[in-house]
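# Mind folding the following:
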Amino acid sequence: MEGRRPLHYVFKLAEREKTIKFYTEILGMKVLRHEEFEGGCAATCNGPYDNAWSKTMVGYGSEDDHVVIELTYNYGINSYELGNDFLVRVRGKCTGYQYTQHCSSCSRE
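Residues are numbered from 1 along each chain as shown. Alright, predicted model coming up:
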């Protein structure tokens, strides 16, 4: 376990602009990068969504040496069941609530 740290926490959100505004203007984080995807996530960690989606990485410092937050937005999804999609990435591996259902390609080690 020595030397291991969370890389980022994943939050799925229904209101991308409002959420990014909260993290940047209220919490003082910076947008580190933003990516758009046309189809579902090949790693399956995004869940059972085959539609377009985006991720915005926010944090207080570089992803290389800070734990950051991934804000995942699935186009066409207006709400989520509270508490059903919290994920943590540790050294590139999925852990968290959705592991058994959607992260079968990832390891819990």
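# what comes up buried for the top helix by length along the chain?
Looking across the chain with DSSP state H, the single longest helix is helix 16-21. Judged by neighbour count using 16 or more other C-beta atoms under 10 Å, the buried positions of helix 16-21 are 16, 19, 20. (C-beta placed from N, C-alpha, C; glycine too.)
# Just give the closest residue to the second one, not the sequence neighbours.
Read it as residue 19. Distances taken as C-beta to C-beta, 6 or more residues apart in numbering place residue 13 nearest to residue 19, at 4.6 Å, with adjacent residues excluded.
# and that neighbour, bridged to which residues?
Note on residue 13: beta-bridge partners by DSSP bridges are residue 73.
# Pull the number of nearby residues for it.
When neighbours are defined as other C-beta atoms under 10 Å, residue 13 has 19 of them.
# and it, what pLDDT?
Note on residue 13: pLDDT of 87.
# Quick one: residues contacting it.
For residue 13, the contact set (C-beta atoms under 8 Å, 6 or more residues apart in numbering) comprises 19, 71, 72, 73.
# what does residue 37 give?
52, 53, 54, 55.
# Please pick the buried ones from the residues you listed.
Those of the contacts of residue 37 that meet the buried threshold are 53, 55, by 16+ other C-beta under 10 Å.
# From the contacts of residue 37, pick the one nearest residue 5.
Proximity of the contacts of residue 37 to residue 5 (C-beta to C-beta) peaks at residue 55, which lies at 19.7 Å.
# which element is the closest one on?
Assigned by DSSP states H and E, residue 55 belongs to strand 53-59.
# Need the mean per-residue confidence for that strand.
pLDDT averaged over strand 53-59 gives 93.
# The residue nearest to residue 19 and residue 65, how far apart?
25 Å (C-beta to C-beta, to the nearest Å).
# how about whichever helix or strand comes after the longest helix of the chain as CSV, C-alpha atoms only?
Reading on from helix 16-21 to the C-terminus, the next helix or strand found by DSSP H and E is strand 30-37. What follows is strand 30-37, C-alpha atoms only, in CSV (Å, rounded to 0.1, in the frame of the first residue of the first chain):
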residue,chain,number,x,y,z
LYS,A,30,-9.3,25.2,-11.3
VAL,A,31,-10.5,23.4,-14.4
LEU,A,32,-7.5,21.2,-15.3
ARG,A,33,-8.9,19.7,-18.5
HIS,A,34,-12.1,18.9,-20.3
GLU,A,35,-12.8,16.1,-22.7
GLU,A,36,-15.8,15.2,-24.9
PHE,A,37,-16.7,11.7,-26.0
